[in-house]
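1. just need the structure, nothing else, for what follows:
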Amino acid sequence: MDAIHSTREKILQIAGERDKTLHALSTVADTKNIQAALVALPTSLPEKGLGPTEAIDVVLRDVIPGLAPGHAGPRMSAETDQLDESISAVIESRALEFVLDLFHLPREKFPARVLTSGGTASNVLGLALARDYAVRKALGSPTYSVAEDGFGGATVKVYSDRPHASLIKASGIVGLGKSNVVDIGRKSGASGVVGIDLEELEKYLKEAAPGSGIGAVVSLSFGEISTGDFTPNVREIRKLCSQYDVWLHIDAAFGAYARLVPDITGSISDGLELADSIASDGHKWLNVPYDCGIFFSRSIEHQSSVFGPSLSKAPPAYLARATGPWDEALTPEMKAAKAIPDAMNMTIENSRRFRALPLYTALLDQGREGYADLVRRNILFTRQIAAWMASPEGKGYYEVLNLRQSWVDSSAPPTTPLNMLLFRASAGNPVQAYCEPGGSATLVRALNETRKIQVTPGLGAVRIAVSNWCTGLQTVNENGMEKGDMDIVAETLLAVVEHPPTWISQL
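-> Numbers count the residues shown, from 1 in each chain. Now for the predicted structure:
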């Protein structure tokens, strides 16, 4: 913790000094600094993190000189991310390469990469690409563009299993229609694991034949928001999508991180690499500041055709990228950087904040090992709560609803698949208000009013999602006793039953 505090003080000092000199700084970086920064940047995610102090020092030494020093200064009358002015686009590209490394995803499979405002925006991108892909097939025209000419009379359905609300919202935003998201997930026996019914899916994909006017998209859930469940039959679904030429999108806001810890999640996240596009985010398990969404797709050309400039209307002159004979004198590093697609043509916004810098710094700080440790601690903390509820210490007050067979050891007791815990008051809970219909909402209110833990509603139950970097690392002193996070969670879960709030008696 001392390193974190000293790093914070250092950042504040640098910010204060910059305020004093901003009026005198040059508007953009000079070529020497840009070249030096490009050479200094690491090309792969470090296995072992540098730690916060060294990561900040590396960024200050190797990155900051290559950025536009006077970006917020009094004589900066334009936004900039062009290579001859700043390496900001390179930092975003490199950070996303590191994320692919972190997820054990091949960089060459996902050349189109961009940061967004969150999982919702990433799902918007995924469904916009899937929409154009589906409509081209539905109209029998491989060059047709919905982004340019509208739907052309086609209708597109999105087939999914327990889609997140953001996917449904994204369907509305891109014009597919919220009601055209069709949940065809099916439960598999007592385990509760959900997968798409393959026979039903194939029936729908056959209907979306070339030239039929009907399009199809498949979207899967990796780490469903309430239970942490994964679509288990991804490979079979991929085969159908390939057979019928259908875009496969995977919403993996939480689930992508299971790939960091196969020792406790097994092969639960297998198949993510088979997607045509992936939505995730960094402001959950990467613990970078809000907002930070992550998006990958397999085609730069397709993505830029949807989000790039119109084919029939010239882009604004002030957004044009300068080119000329000076490009021939570029170093190999600068030429590689120039080849990075312009993010303005790859995502929703034209103007974006520099989300990549905190993400890049955090990845250097933690490395693969640091983030694997964070994810592992969070998942095991969730499982510790579940085990406590089933133990004599939990007194039978609660029932866990998302226990699943272990993906690592089939002979092990059922446990929670990821970092989500879904539970409700058990039949043996003495507070009737928690047990009756709608009682989970009462329990949510009672728990949150303690100000000791914060939970959310989930599928007629109570949901806990653990993703904070410091969960389980610190203790607090209460009446001379050192208590850890698990101690406080357990005490709170007992307290709302044994000493329920007074307002419950008035219900």
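2. wait, doesn't Met334 sit right on Gln82?
-> No - contact criterion C-beta atoms under 8 Å: Met334 and Gln82 do not qualify, at 11.4 Å. All C-beta spots, glycine's among them, are computed from the backbone N, C-alpha and C.
3. so between those two, which is more surrounded?
-> Remark: of Met334 and Gln82, Met334 carries more neighbours, 19 against 15, as counted by other C-beta atoms under 10 Å.
4. and the more buried one, what helix or strand is that in?
-> helix 332-338 (DSSP states H and E).
5. would you list every one of the helices in the stretch 101-250 of the chain?
-> When secondary structure is read from DSSP state H, counting those that start in this stretch, the stretch 101-250 of the chain shows helices at 119-139, 146-149, 165-173, 198-207, 234-243.
6. hang on, I meant the stretch 401-507 of the chain
-> Under DSSP H, counting those that start in this stretch, the stretch 401-507 of the chain gives helices at 432-435, 439-449, 485-498.
7. export the shortest one as CSV, just CAs?
-> Backbone C-alpha positions of helix 432-435 (Å, rounded to 0.1, in the frame of the first residue of the first chain) are rendered in CSV as follows:
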residue,chain,number,x,y,z
GLN,A,432,-40.7,-14.2,6.9
ALA,A,433,-40.4,-10.9,4.9
TYR,A,434,-37.3,-12.3,3.2
CYS,A,435,-39.0,-15.5,2.2
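8. okay, buried residues for it please.
-> Residues 433-435 are the ones in helix 432-435 that count as buried (16 or more other C-beta atoms under 10 Å).
9. how close does Val156 get to Ala356?
-> For Val156, the distance to Ala356 (C-beta to C-beta, to the nearest Å) stands at 32 Å.
10. repeat for Ala209
-> Here Ala209 is placed at a distance of 42 Å from Ala356 (C-beta to C-beta).
11. neighbour count winner among the two?
-> Shown here are Ala209 and Ala356; by other C-beta under 10 Å, Ala356 has more neighbours (24 against 15).
12. could you measure from the more buried one over to Gly308?
-> From Ala356 to Gly308 the distance is 20 Å (C-beta to C-beta).
13. for Pro501, same thing?
-> Between Pro501 and Gly308 the computed distance is 55 Å (C-beta to C-beta).
14. repeat for Arg368
-> Per C-beta to C-beta, Arg368 is found 34 Å from Gly308.
15. ok, then the element right after the biggest helix by length in the chain?
-> Counting residues, the longest helix found in the chain (DSSP state H) is helix 356-390. Per DSSP H and E, the first helix or strand lying C-terminal to helix 356-390 is strand 398-400.
16. helices or strands up against that next one?
-> Contact partners of strand 398-400 among helices and strands, from 3 or more C-beta pairs under 8 Å, 6 or more residues apart in numbering; DSSP states H and E: helix 356-390, strand 420-425.
17. so where's the longest strand in this protein?
-> Identified as the longest strand of the chain according to DSSP state E is strand 214-221.
18. where in this protein is pLDDT low?
-> For the chain, the stretches with pLDDT under 70 are 1, 73, 76-81, 187-194, 318-328.
19. buried stuff in stretch 257-267?
-> Neighbour counts over stretch 257-267 (16+ other C-beta under 10 Å) mark 257-262, 264-266 as buried.
20. end to end, how far does that stretch reach?
-> Criterion C-alpha to C-alpha, to the nearest Å; first-to-last residue distance in stretch 257-267 is 12 Å.
21. how far away from the center of its chain is it?
-> Remark: stretch 257-267 is offset 16 Å from the chain centroid, using C-alpha atoms, centre = their mean, to the nearest Å.
22. returning to what we had before: any buried residues in the helix holding Met334, and which?
-> For helix 332-338, using 16+ other C-beta under 10 Å, the buried residues are 333-334, 337-338.
23. need those residues in JSON lines with distance to Leu41, can you?
-> Formatted as JSON lines, the buried residues of helix 332-338 follow (distance: C-beta to C-beta, whole Å):
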{"residue": "Glu333", "distance to Leu41": "9"}
{"residue": "Met334", "distance to Leu41": "12"}
{"residue": "Ala337", "distance to Leu41": "10"}
{"residue": "Lys338", "distance to Leu41": "15"}
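24. between these, which sits nearest Ile488?
-> Ala337 (48.5 Å; C-beta to C-beta).
25. for that closest one, give me its contacts.
-> Residues near Ala337 by C-beta atoms under 8 Å, 6 or more residues apart in numbering: 38, 83, 87, 89-90.
26. how about Ala495?
-> Shown in contact with Ala495 (C-beta under 8 Å, 6+ apart): Thr450.
27. Ser219 too?
-> By C-beta under 8 Å, 6+ apart, the contact set of Ser219 is 126-127, 130, 158-160, 163, 167, 181, 248-251.
28. how far away is it from Gly185?
-> In this view, Ser219 and Gly185 are 11 Å apart by C-beta to C-beta.
29. if we can go back for a sec, most tightly surrounded among the helices and strands packed on strand 398-400?
-> Counting by mean count of other C-beta atoms under 10 Å, strand 420-425 has the highest mean neighbour count of the helices and strands packed on strand 398-400, with a mean of 24.
30. mind listing the strands that strand pairs with, and their directions?
-> According to DSSP bridges, strand 420-425 forms sheet pairs with strand 398-400 (antiparallel), strand 461-465 (antiparallel).
31. output those strands as CSV; include the columns mean neighbour count.
-> Compiled in CSV, the strands paired with strand 420-425 are given as follows (neighbours: other C-beta atoms under 10 Å):
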stretch, mean neighbour count
strand 398-400, 22
strand 461-465, 23
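32. Serialize these to CSV and add fields for distance to Arg298.
-> Formatted as CSV, the strands paired with strand 420-425 follow (distance: least, C-beta to C-beta, whole Å):
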stretch, distance to Arg298
strand 398-400, 38
strand 461-465, 29
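33. out of the ones you listed, which is closest to Glu17?
-> strand 461-465 (39.2 Å).
34. contacts for the closest one, please.
-> Residues from elsewhere that reach strand 461-465 (C-beta under 8 Å, 6+ apart): 225-226, 254, 382, 385, 401, 419-424, 440, 443-444, 447, 453, 455-457.
35. just the CA atoms of it, as PDB, please.
-> Output of strand 461-465 as PDB, limited to C-alpha atoms (Å, rounded to 0.1, in the frame of the first residue of the first chain):
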ATOM      1  CA  ALA A 461     -32.800 -13.200  -5.800                       C
ATOM      2  CA  VAL A 462     -29.800 -11.300  -4.400                       C
ATOM      3  CA  ARG A 463     -26.600 -10.900  -6.400                       C
ATOM      4  CA  ILE A 464     -23.100 -10.300  -5.300                       C
ATOM      5  CA  ALA A 465     -20.400  -9.700  -7.900                       C
END
